[in-house]
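Asks: what shape does this take:
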Amino acid sequence: MKKGQYEKRQILQREIYLFNKVKKDENSVKKIIVFFLKCLIMLGLVLLFCFRFVMPQYLNNYQAALIDKNERLCSIDGPKIVLVGNSNLAFGIDSRALEEAFGMPVVNMGMHGGLGNAFNEQAAVQNVCEGDIVILSYSNFDDGDVIRNQELAWITIENHLKLWNYIRPKDWKEMIKAYPTYLKDCLSLWSQGIGNMDSGDAYSRLQFNEYGDNVFDRPGLVPDTDFSPVHIPEIGEETIERINELNARLEKEGATLLMTAYPIAICDYTPNREEYEAFSDEIGRLLDCPLISRYEDYMMDKELFYNTYMHLNNEGVGIRTALLIEDLKNYLDKNNE
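Replies: Now for the predicted structure:
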């Protein structure tokens, strides 16, 4: 065989080899793609089954009260008073009295503090109407701009799609990470047939009235209530920026954002009045929205609390509501002159 023919044959064989190798590689890639597509389909079917038949499992839980609160919030066309914050509001306001004092519908959106203010704040932007008054009541100002407990957030929103509006686009990455843990708990409750049960105590959806207030009977202080967490809140720059951004957004939509104080138990751990006076001055200086209350005025005898340093009993609710009504009246009178 001549040298030129031999070389041509070698080249041809190499090309055939490479062609077969590429085809083999293509087939391998196709098999991998098909495998992953099958896995995705299976995963999708499992999630669809869970979404349709397993979820929800916390329908009578304290967190499920957000379903009813949000429904009321979104059903009111026109100016309203919206209370936003943690359980110091849920267990601390008589919204009917507030409504009667100002002649405006009131919605108490106070929820679990474990969600974080960034989550609870989303209530302020769900159905904004011109003339709305949104009142924040926070006991911490250093929680940044994140959902604090994503599993608790899943327990709250479950498969109630209207509540998914409370999850901002930037929150979904961490929410997806937390979903398997939530789903595992759901499957456990579902398999045992004990999901969606009413706890029968204060932490039940059924203990909230139409305004969003927790109306479980709380006649006095529960013995051995822990007041050790009472302290002057830390102030974080990111939190202040988040609140000021909310203020700017609501201003553009013709609504008013205000900040009020939370109830402070007077006990062995409580900082002195002068320290709360200084805190009031500092928060008032940092926030773009008006601070209508002085924190030192919300220092209350611990006997007015119920089972935590944040939850008021029946008598405490009346006193705190009266303070808020007075503060809001003073603010409105001053700004309507």
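
Asks: CA atoms for contacts and neighbours, from now on please.
Replies: Fine.

Asks: part of a helix, is residue 324?
Replies: Yes: when DSSP: H, G, I helix; E, B strand; the rest coil is applied, residue 324 is found to be in a helix.

Asks: quick one, what contacts it?
Replies: Counting by Cα atoms under 8 Å, 6 or more residues apart in numbering, residue 324 makes contact with 260, 293.

Asks: and for residue 116?
Replies: 86, 143, 146, 147, 148, 149.

Asks: what's the spacing between the first one and residue 136?
Replies: What that stands for is residue 86. 9 Å (Cα to Cα, to the nearest Å).

Asks: what does the third one give?
Replies: As judged by Cα to Cα, residue 146 and residue 136 stand 17 Å apart.

Asks: the two: which is more packed in?
Replies: The residue with more neighbours, out of residue 146 and residue 136, is residue 136; 26 against 17, by other Cα atoms under 10 Å.

Asks: now do the contacts for the more buried one.
Replies: If you count contacts by Cα under 8 Å, 6+ apart, then residue 136 has 83, 84, 85, 257, 258, 259, 260 around it.

Asks: would you turn these into CSV with pLDDT and neighbour count?
Replies: CSV is the format used below for the contacts of residue 136 (pLDDT from 0 to 100; neighbours: other Cα atoms under 10 Å):
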residue, pLDDT, neighbour count
83, 98, 27
84, 98, 26
85, 97, 27
257, 98, 24
258, 98, 20
259, 98, 23
260, 98, 21
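
Asks: what's the closest of these to residue 95?
Replies: Distance to residue 95 across these (Cα to Cα) is lowest for residue 83, with 9.1 Å.

Asks: so which helix or strand takes in that closest one?
Replies: strand 81-85 (DSSP states H and E).

Asks: toward the C-terminus, what is the element adjacent to that strand?
Replies: Following strand 81-85 toward the C-terminus (DSSP H and E): helix 87-90.

Asks: starting at the chain centroid, how far to stretch 291-304?
Replies: 24 Å (Cα atoms, centre = their mean, to the nearest Å).

Asks: ok so, going back, C-alpha coordinates for the strand holding residue 83, PDB please?
Replies: Extracted in PDB, the C-alpha atoms of strand 81-85 (Å, rounded to 0.1, in the frame of the first residue of the first chain):
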ATOM      1  CA  ILE A  81     -55.900  51.800  60.500                       C
ATOM      2  CA  VAL A  82     -53.500  48.900  60.100                       C
ATOM      3  CA  LEU A  83     -51.500  47.700  63.100                       C
ATOM      4  CA  VAL A  84     -48.300  46.000  62.100                       C
ATOM      5  CA  GLY A  85     -45.800  44.200  64.400                       C
END
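
Asks: what's the nearest residue to residue 73 if we skip its chain neighbours?
Replies: residue 107 (6.2 Å; Cα to Cα, 6 or more residues apart in numbering).

Asks: helix, strand or coil for that neighbour?
Replies: Three-state call for residue 107 (three-state DSSP): strand.

Asks: going forward, the N-terminal residue is numbered 788.
Replies: New numbering, starting at 788: the last item is residue 894.

Asks: per-residue pLDDT, it?
Replies: At residue 894, the model reports a pLDDT of 98.

Asks: for it, give me its contacts.
Replies: Taking Cα under 8 Å, 6+ apart, one finds 856, 859, 860, 867, 868, 869, 870, 882, 998, 999 in contact with residue 894.

Asks: generate a ChimeraX selection restricted to the buried subset of those.
Replies: In ChimeraX syntax, the buried subset of those is picked out as below (16 or more other Cα atoms under 10 Å):
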select :856,859,860,867,868,869,870,882,998,999
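
Asks: if we can go back for a sec, got a list of contacts for the strand holding residue 870?
Replies: For strand 868-872, contacts defined as Cα under 8 Å, 6+ apart pick out 860, 876, 891-898, 900, 904, 907-908, 910-911, 919-925.

Asks: repeat the analysis, applying 7 Å as the threshold.
Replies: Contacts to strand 868-872, defined as Cα atoms under 7 Å, 6 or more residues apart in numbering, come from residues 891-898, 904, 907-908, 910-911, 919-925.

Asks: so what strands line up beside it?
Replies: Strand 868-872 has its sheet partners listed here by DSSP bridges as strand 893-895 (parallel), strand 920-924 (parallel).

Asks: the first one: how far from the chain's middle?
Replies: Right, strand 893-895. 16 Å.

Asks: how about the last one?
Replies: On the basis of Cα atoms, centre = their mean, strand 920-924 is displaced by 15 Å from the centre of the chain it belongs to.

Asks: which other helices and strands contact the following helix or strand past that strand?
Replies: Next along the chain after strand 920-924, taking DSSP H and E as the criterion, comes helix 937-944. With contacts taken as 3 or more Cα pairs under 7 Å, 6 or more residues apart in numbering; DSSP states H and E, helix 937-944 sits against helix 959-979.

Asks: buried set for the helix it packs on?
Replies: Buried residues in helix 959-979 (16+ other Cα under 10 Å): 962, 965, 966, 969, 970, 972, 973, 974, 976, 977.

Asks: which non-adjacent residue is nearest the first one?
Replies: Beyond its immediate neighbours in the sequence, the residue positioned closest to residue 962 (Cα to Cα, 6+ apart) is residue 937, lying 5.5 Å away.
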